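Engineer: sequence below, structure please.
(chains A, B and C)
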Amino acid sequence: MNLLKRIYSILLKKYGFQGWWPLLGCKGTNPTKTGSVKGYHPKDYSYPKNDNQRFEVCIGAILTQNTSWPQVEKALLNLKGLNALAPQKLKKLNQEKLKQAIKPAGYFNQKARKIKEFTDFYLSLKNRMPTRDELLKLWGIGPETADSILLYAFKMPEFVVDAYTRRVFSKLGFIRKDASYEEIKKLFEKNLPRDSRLYQEYHALIVEHAKKHYSKKPYGKKDLLLNIVKTKSFK
DNA sequence: AACCAGGACGTGA
DNA sequence: TCACGTCATGGT
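Structural biologist: Sure thing, here's the model as predicted:
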């Protein structure tokens, strides 16, 4: 078994199925995870179940840019309270109210514009799947947000790379600290079966693991995984 | 009381 | 390309 898959197995055994992406209306929980534990649905890959949930994932992906999930949850709840957490409804919401609603998630001026432009794009799709290039052309949608949307909203096998991924796997010796997004993405996709469920879990597990050991410096201080991977018997 | 959070864009080398 | 400043609220 290849190394990236073995690391996945170790993380899975340690933290269990994560059940990403969290959804407001989902009753599930994940008690082992850090931060908010609501809205997760471990081992249930049927989410998002409908168009509104799919849209909610997209908006959450934009809101969580450089922001912790509990803050995003507040913003999403505000939108829900305004009955605006649906593409047609959000389109009708005026920009100032949108800004107020998403304030807890920070960068509200930028994010309001991003959400606005994304919503117009989303509506233009009319049940069609977006392509990665289309998403990347939108203002405010970079590689990570695009891949999050494709993987978690549309269940397409696009591996999501975030700051934690780079931090953990450069520490583990798989990549350089300054490796590009696409470079890291390809490393995972080349060494793993093209399976959206696997990609979903793996990314979530990396985040969970990194929150515990790679949030404050020095990174990887008490990371047991680091010890395992660095031993000679590994690989 | 700094530092960080599930980034992306605009700018100048 | 690429490094760096900017965007903003709220946890710890």
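Engineer: from now on I want contacts and neighbour counts done on CA atoms only, so please keep to that.
Structural biologist: Will do.
Engineer: determine which residue lies closest to the centroid of chain A.
Structural biologist: By Cα atoms, centre = their mean, chain A has its centre lying nearest to A:Ser148, at 4.9 Å.
Engineer: that one and A:Ile59 touch, don't they?
Structural biologist: No - with contacts counted by Cα atoms under 8 Å, A:Ser148 stays clear of A:Ile59, the gap being 10.7 Å.
Engineer: re earlier: quick check: which element contains the residue nearest to the centre of chain A?
Structural biologist: helix A:143-148 (DSSP states H and E).
Engineer: do that helix and DNA strand C come into contact?
Structural biologist: No - counting by Cα under 7 Å from any atom of the strand, DNA strand C has no neighbours in helix A:143-148; the shortest distance is 14.2 Å.
Engineer: so after that helix, what's the next helix or strand?
Structural biologist: Later in the chain than helix A:143-148, the nearest helix or strand by DSSP H and E is helix A:163-171.
Engineer: what comes into contact with that next one?
Structural biologist: A:175-177, A:179, A:184, A:203, A:206-207, A:210, A:214, A:219-220, A:226 (Cα atoms under 8 Å, 6 or more residues apart in numbering).
Engineer: again, 6 Å this time
Structural biologist: For helix A:163-171, the surrounding residues in contact (Cα atoms under 6 Å, 6 or more residues apart in numbering) are A:Arg176, A:Lys177, A:Ala210.
Engineer: mind checking pLDDT for the last one?
Structural biologist: You'll see A:Ala210 listed with a pLDDT of 98.
Engineer: which non-adjacent residue is nearest it?
Structural biologist: A:Tyr164 (5.9 Å; Cα to Cα, 6 or more residues apart in numbering).
Engineer: just give the nearest non-adjacent residue to the residue nearest to the centre of chain A, would you?
Structural biologist: A:Val160 (6.0 Å).
Engineer: isn't that neighbour right next to A:Asp147, touching?
Structural biologist: Yes - contact criterion Cα atoms under 6 Å: A:Val160 and A:Asp147 qualify, at 5.4 Å.
Engineer: out of the contacts of helix A:163-171, the closest to A:Pro104 would be?
Structural biologist: A:Ala210 (23.4 Å; Cα to Cα).
Engineer: tell me the secondary structure for that closest one?
Structural biologist: State at A:Ala210, reduced to three classes by DSSP: H, G, I helix; E, B strand; the rest coil: helix.
Engineer: near it, how many other residues are there?
Structural biologist: Using other Cα atoms under 10 Å, A:Ala210 has 20 neighbouring residues.
Engineer: same check on A:Lys216?
Structural biologist: When neighbours are defined as other Cα under 10 Å, A:Lys216 has 11 of them.
Engineer: please identify the helix or strand for it.
Structural biologist: Following DSSP H and E, there is no helix or strand that holds A:Lys216.
Engineer: got it, and the one 10 residues further on?
Structural biologist: Per DSSP H and E: A:Leu226 is located in helix A:224-230.
Engineer: okay, A:Thr29: pLDDT?
Structural biologist: A:Thr29 is given a pLDDT of 95.
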